[in-house]
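Visitor: just the structure for this:
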Amino acid sequence: MLRTKQPRVVITFHTTTAAMQAEALFRRLGQDGRLIPVPREITAGCGLAWSAPPACKQALTGLLAQESIAIEEVYELVI
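Guide: Take a look at the predicted model:
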């Protein structure tokens with residue numbers, strides 16, 4: 001079954017450790033989204049990214065900053 005492309009915020013990380021820490025944090029706090037392979041349109045250090053609805057962007061980046069989890073970049077893509 002093909003999925004319809006939708007706007008997403010994609011947060012990339014320099015390291016796999018940071019990506020896994022972010023996933024654990026977001027799961028613990030019930031945040032929307034999931035860990036995905038980095039889309040072809042962009043490149044990232046560890047190859048993993050968090051994908052979520054665009055409305056979650058500020059909440060997610062705020063939580064990452066609060067927990068001192070380093071991110072590489074934040075993108076808004078249709079994937």
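
Visitor: residues contacting the residue most central in space within the chain?
Guide: In the chain, the C-alpha nearest the mean C-alpha coordinate belongs to W50, at 1.9 Å (Cα atoms, centre = their mean). Going by Cβ atoms under 8 Å, 6 or more residues apart in numbering, W50 touches V10, I11, A19, A22, E23, F26, G33, R34, L35, I36, L60. Using the backbone N, CA and C atoms, a C-beta is placed for each residue, glycine as well.

Visitor: F26 too?
Guide: So F26 contacts G33, W50, L60, L63 (Cβ under 8 Å, 6+ apart).

Visitor: do a quick rundown of the strands in the chain.
Guide: 7-12, 34-37, 48-52, 73-78 (DSSP state E).

Visitor: could you dump the contacts of W50 to JSON lines with pLDDT and distance to I79?
Guide: What follows is these, written out as JSON lines (pLDDT from 0 to 100; distance: Cβ to Cβ, whole Å):
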{"residue": "V10", "pLDDT": "98", "distance to I79": "7"}
{"residue": "I11", "pLDDT": "98", "distance to I79": "13"}
{"residue": "A19", "pLDDT": "98", "distance to I79": "17"}
{"residue": "A22", "pLDDT": "98", "distance to I79": "18"}
{"residue": "E23", "pLDDT": "98", "distance to I79": "18"}
{"residue": "F26", "pLDDT": "98", "distance to I79": "18"}
{"residue": "G33", "pLDDT": "98", "distance to I79": "12"}
{"residue": "R34", "pLDDT": "97", "distance to I79": "12"}
{"residue": "L35", "pLDDT": "97", "distance to I79": "14"}
{"residue": "I36", "pLDDT": "97", "distance to I79": "8"}
{"residue": "L60", "pLDDT": "98", "distance to I79": "16"}
